[in-house]
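[1] generate coordinates for the sequence data below:
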Amino acid sequence: MKLINKKNKNYTQVFHLFTEEEWAKTSKNFNKNISTFFTGKKHEVFVNAHEEGITYFIGLGKSALQNYEIQQVAARFSQSQKEKLQAVPTLALADFMNEKQFQEFVKGLLTGTYNYPFDKKHAFWNTKFELHFENLSQKKLDHISQKAEALINGQTACQDWLNKPANLKKPDILSAYLKNLAKKYDLKYTAFNRKKCEELGLGAYLSVNQGSAYDAAFTILEYKTTAKNAKTFGLVGKCILFDTGGISIKSSANLHYMKSDMGGATAVLGTLIYAAEMQLPVNIIAVLPITDNAVSEKALLPSDVITAYNGKTIEVLDTDAEGRLILADGLSYLAKNYKTDFLIDLATLTGSSVRMFGDTCAAMFSNNEELKNNLIKTGDQTNQRVWNLPLWDVWKDDIQSDVADIKNISLKPVGDCIIAAKFLEQFIENHPKWAHLDIAGVAFGSVGYAKEKAATGFGVQLLVNLIENYH
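    The predicted model follows:
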């Protein structure tokens, strides 16, 4: 989106932003009848059509609003008015806005252009569309534009891959995409097939993949900076392309939504794209254990005992608790083979976290106060919130097995998201700064651009802001 520091004499399209307080102060300068329809409340839009053109009055709500609320307003405006918005030079009026707030406004305008499959047909992607804003220098506007577009490129990739139907995201299709991505952004790409995984001993990941008609693709993407003394982030994203539940098969109700079981991986993917486009001064090592969880004659059976990459044996009581199996190998492979300052995994992991938080926030577990507090703070700033849950050892008793080191679920009907986190903790190889985010309730849900549940893009802005502010 072209942002330009200027103000022409005439515009056929104007975006005039108001908080409730701003409107109360300045409404006397406008036709008094407008106040019947517009008061500056959050998400209020009044369309003032006149001879010279159209002015959109956009309400932001109370002036004490959070920056992310500006993004929410802009996204809904962009979505709801998309048929009417024109690809013309447009004036933005908002004297009260600072640089950060205007940046959120621009991000929102662009996130609101998303639909599946993503095409850039929205007026805001047209080269004839320019947003003129006098209050910031051209240098600042260029920076805002670059950041917003990098974020949208990451977020739309995240949403598109999550929204794709199962038959359009087979392992080979995703792998080809990741290979091209690596070429485009100069990332190091490594993928292990079934034979290589067997040699390496990635037994927990392979136990899920063995039922699949498709070869394994345990994938590692590395983004490297030239900056000295840069922090290194290790990211693991659960990448189950479709989850039938395996032999512990899921009920057919809402089974079509199980194409969403790669939400952790897509959040990591979006973050990598942003980091590469913005050339962030950090290193990122991303592990995506790609597979589906299928029902077949080769599929893992409940009661099977498998050996994970770090040598621990796991009794599999439920083949639908497969996400933690692939994450176990992803975490220990990353922790054993790379030196990272932070280790974060994201996964659409448990129904338990959905029952607990719905679509309000992600369940978070961490063994490090600083990382935990930074994630909470970043979540509050981006509205991709996380809530901290305990990792007390009392939960460890519930995964003790009679026939292996541990079992993959507890047979108690409570706290499965905590059980899953305790399970994963056995595979971080004593990493001192680890966080596990269970995003099952927030990665896929009600969105403005689709009638059914769809991808929210959760995780991209959270990780991007976290990583950007850590160096």
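[2] okay, and residue 208 sits in which element?
    When secondary structure is defined using DSSP states H and E, the element that contains residue 208 is helix 203-209.
[3] quick one: residues in contact with that helix.
    The contact list for helix 203-209, computed with CB atoms under 8 Å, 6 or more residues apart in numbering, reads 194, 197-198, 216, 218, 240, 246, 289, 291, 293, 300, 304, 306-309, 314, 316, 319, 322, 325-326, 328-330. Bear in mind the C-beta positions are built from the backbone N, C-alpha and C, glycine included.
[4] what's the longest helix belonging to the chain packed up against?
    Longest helix in the chain by number of residues, with DSSP state H as the criterion: helix 138-163. Under the contact criterion of 3 or more CB pairs under 8 Å, 6 or more residues apart in numbering; DSSP states H and E, the helices and strands touching helix 138-163 comprise strand 2-4, helix 99-111, helix 263-278, strand 454-455, helix 460-468.
[5] so of the ones you listed, which one's packed in deepest?
    Ranked by average neighbour count under the criterion mean count of other CB atoms under 10 Å, those are headed by helix 263-278 at a mean of 27.
[6] so for the next helix or strand after it, what's the average pLDDT?
    Under the assignment DSSP H and E, the closest C-terminal helix or strand after helix 263-278 is strand 283-293. The pLDDT scores in strand 283-293 average 98.
[7] repeat that for stretch 97-110.
    Mean pLDDT, taken over the full extent of stretch 97-110, equals 98.
[8] can you check stretch 324-344 too?
    Per-residue pLDDT over stretch 324-344 has a mean of 98.
[9] for that stretch, buried residues please.
    324-335, 340-344 (16 or more other CB atoms under 10 Å).
[10] can you give me the helices in this protein?
    Across the chain, reading from the start of the chain, the helices by DSSP H fall at 20-26, 34-37, 67-80, 99-111, 138-163, 171-185, 194-200, 203-209, 263-278, 323-337, 351-357, 369-382, 416-425, 460-468.
[11] need these in TSV with distance to residue 255, can you?
    Putting the helices of the chain into TSV (distance: least, CB to CB, whole Å) gives the following:
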stretch	distance to residue 255
helix 20-26	45
helix 34-37	45
helix 67-80	29
helix 99-111	29
helix 138-163	16
helix 171-185	20
helix 194-200	26
helix 203-209	18
helix 263-278	16
helix 323-337	16
helix 351-357	13
helix 369-382	30
helix 416-425	19
helix 460-468	26
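[12] nearest to residue 450, out of those?
    Each of the helices of the chain was scored for nearness to residue 450 using CB to CB, and the closest is helix 138-163 (7.9 Å).
[13] thinking again about what came up before, which among the helices of the chain is found nearest to residue 2?
    In terms of CB to CB, the element of those nearest to residue 2 is helix 138-163, at 7.1 Å.
[14] where does the stretch 351-471 of the chain dip in pLDDT?
    Counting by pLDDT under 70, the stretch 351-471 of the chain contains low-confidence ranges at 471.
[15] switch the cut-off to 90
    Counting by pLDDT under 90, the ranges of the stretch 351-471 of the chain that qualify are 411-414, 470-471.
[16] give me the nearest residue to residue 138, chain neighbours excluded.
    What sits nearest to residue 138 in space, not counting adjacent residues and going by CB to CB, 6 or more residues apart in numbering, is residue 5, at 4.4 Å.
[17] got phi/psi on that neighbour?
    With angles defined as degrees, to the nearest 10, residue 5 sits at phi -90, psi 80.
[18] for it, give me the pLDDT.
    We note a pLDDT of 97 for residue 5 in this prediction.
[19] contact partners for it?
    Applying CB under 8 Å, 6+ apart, we find residue 5 in contact with 132, 133, 134, 136, 137, 138, 141.
[20] buried ones from these, can you make that a ChimeraX selection?
    Typed into ChimeraX, the line below selects the buried ones among the contacts of residue 5, using 16+ other CB under 10 Å:
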select :132,133,136,141
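[21] and stretch 58-77, how far apart are its ends?
    Across stretch 58-77, the terminal residues are separated by 8 Å (CA to CA, to the nearest Å).
[22] please apply the same query to stretch 75-85.
    Between the opening and closing residues of stretch 75-85 there is a gap of 13 Å (CA to CA).
[23] residues of that stretch that come out buried?
    75, 76, 77, 78, 79, 81, 82, 85.
[24] buried residues in stretch 370-389?
    Using 16+ other CB under 10 Å as the burial criterion, the residues of stretch 370-389 that qualify are 371-372, 374-376, 378-379, 381-386, 389.
[25] centre of the chain to stretch 353-360, how far?
    The offset between the C-alpha centroid of stretch 353-360 and the centroid of the whole chain comes to 16 Å, using CA atoms, centre = their mean, to the nearest Å.
[26] now that stretch: buried residues?
    Result for stretch 353-360 [16+ other CB under 10 Å]: buried residues 353, 354, 356, 357.
[27] ok, those residues vs residue 400, which is closest?
    The shortest distance between residue 400 and any of these, using CB to CB, involves residue 353 and amounts to 22.9 Å.
[28] quick one: low-confidence parts of the stretch 51-200 of the chain?
    Residues of the stretch 51-200 of the chain meeting the criterion pLDDT under 90: none.
[29] now distance to residue 17 too, for the helices and strands packed on helix 138-163, in JSON lines please.
    As requested, those are exported to JSON lines (distance: least, CB to CB, whole Å):
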{"stretch": "strand 2-4", "distance to residue 17": "15"}
{"stretch": "helix 99-111", "distance to residue 17": "7"}
{"stretch": "helix 263-278", "distance to residue 17": "26"}
{"stretch": "strand 454-455", "distance to residue 17": "28"}
{"stretch": "helix 460-468", "distance to residue 17": "21"}
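[30] contact partners for residue 42?
    Taking CB under 8 Å, 6+ apart as the definition of contact, the neighbours of residue 42 are 59, 60, 61, 62, 65, 69, 72, 73.
[31] and it, its phi and psi?
    Dihedral angles of residue 42 (phi, psi; degrees, to the nearest 10) stand at phi -60, psi 130.
[32] tell me the pLDDT at it?
    Per-residue confidence at residue 42 stands at 98 (pLDDT).
[33] starting at the chain centroid, how far to stretch 298-309?
    In this view, stretch 298-309 has its centroid 30 Å away from the chain centroid, taken as CA atoms, centre = their mean.
[34] can you give me the end-to-end span of it?
    The stretch stretch 298-309 measures 21 Å between its terminal residues, going by CA to CA.
[35] what's next to it, contact-wise?
    Applying CB under 8 Å, 6+ apart, the contact partners of stretch 298-309 are 200-205, 207-208, 210-211, 246-248, 313-319, 322, 325, 328-329, 332-333, 336, 403-404, 427.
[36] buried ones in that stretch, by neighbour count?
    Within stretch 298-309, the residues that qualify as buried are 299, 300, 304, 306, 307, 308, 309, counting by 16+ other CB under 10 Å.
[37] dump the residues you listed into CSV; add pLDDT as well.
    Listed next are the buried residues of stretch 298-309 as CSV, based on pLDDT from 0 to 100:
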residue, pLDDT
299, 98
300, 98
304, 98
306, 98
307, 98
308, 98
309, 98
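[38] for residue 318, give me phi and psi.
    Phi and psi for residue 318, reported as degrees, to the nearest 10, are phi -140, psi 120.
[39] that one is in contact with residue 409, isn't it?
    Yes. In this structure, residue 318 sits in contact with residue 409. The criterion is CB atoms under 8 Å, and the distance is 4.8 Å.
[40] that's all I had, so thanks and see you.
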